[in-house]
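Peer 1: need a 3D model of the following:
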Amino acid sequence: MLAVGMVTCATVCVRAQAGQQTSSSSSSKQGSKAATATHSPLDSGAVSNGVYRNSGFAFTCKIPPGWVLRTEEMNTRESEGEESGGSKPIADGKAGRVLLAAFSRPPEARAEDVNASILIAAESAAAYPGLKAAAQYFGPVGEVAKAQGFEADNEPYEFAVGAKTMVRADFEKDVGTRVMRQSTLVMLARGYAVSFTFIGGTEDEVEELVQGLSFGAGKAAK
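Peer 2: Modelled structure (predicted):
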């Protein structure tokens, strides 16, 4: 049974999106590679020319032109909030960290359309006793999603990003006259559970964001 208390990646996205966050339950079989208790130092990656690159996990992610980056701000806010609340801060490299938080507009700016966003986060797999497959990571995160009004479109399923096989689940939530769509992809690598969350107002918008993710850059993730 996974530790439900460690749902920092879902919590961060909920705070930043004012109610938009992650995933579903369940257990598909992928990422069958067991997560190791010891992990490598967490590579925070960097953004250059509209592309986020992370050599430690060997992937890149395109950021649409004009988007707003809030990565450090989200890590700082989470760390400060957890210090007063008493649980583990996501900014702690051993616990986890938001690697990329990008929004089509500042989260506090109100508008009629859905604020499209990309959130990439990594958490120590050791924080989830019994975590052996990427699909298991959707369990505790799915509870947060349900509490935020999201409905799962499907059970977690295997999804190929180039030569990389991950686990993906898709969700939606009615927000007034609009529908918020979300896809979350998860992999286990280097002792971490790494999640890639893409939010948009249409399926095409989400798919376009997902297609900006690619693997093979830098060192290979293990």
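
Peer 1: low-scoring stretches of the chain, by residue?
Peer 2: Judged against pLDDT under 70, the low-scoring parts of the chain cover residues 1-39, 78-95, 217-222.

Peer 1: show me where it has its strands.
Peer 2: Using DSSP state E, the strands of the chain run over residues 46-48, 51-54, 59-62, 68-69, 96-103, 117-124, 151-152, 157-161, 164-175, 178-189, 192-200, 213-215.

Peer 1: roughly how far apart are the residue of the chain most remote from its centre and Phe57?
Peer 2: Note on the chain: the largest C-alpha distance from the chain mean falls to Thr177, namely 25.8 Å (C-alpha atoms, centre = their mean). Relative to Phe57, Thr177 is positioned 38 Å away (C-beta to C-beta, to the nearest Å). Quick note: C-beta positions are derived from backbone N, CA and C, even for glycine.

Peer 1: same check, this time on Arg77
Peer 2: With distances taken as C-beta to C-beta, Arg77 is found 23 Å from Phe57.

Peer 1: so which of those two has more stuff around it?
Peer 2: Legend: neighbour count by other C-beta atoms under 10 Å for Arg77 and Phe57, higher for Phe57 (25 against 17).

Peer 1: correct me if wrong: that one contacts Asp43.
Peer 2: Yes. The pair Phe57 / Asp43 is scored as a contact, 6.6 Å apart, by C-beta atoms under 8 Å.

Peer 1: go through the strands of the chain and name the closest to Arg110.
Peer 2: Nearest of the strands of the chain to Arg110, taken as C-beta to C-beta: strand 164-175 at 12.0 Å.

Peer 1: that closest one: how far from the chain's middle?
Peer 2: A distance of 10 Å separates the centroid of the chain from that of strand 164-175, by C-alpha atoms, centre = their mean, to the nearest Å.

Peer 1: can you pull the buried residues of it?
Peer 2: Buried residues in strand 164-175, counted by 16 or more other C-beta atoms under 10 Å: 164, 166-173.
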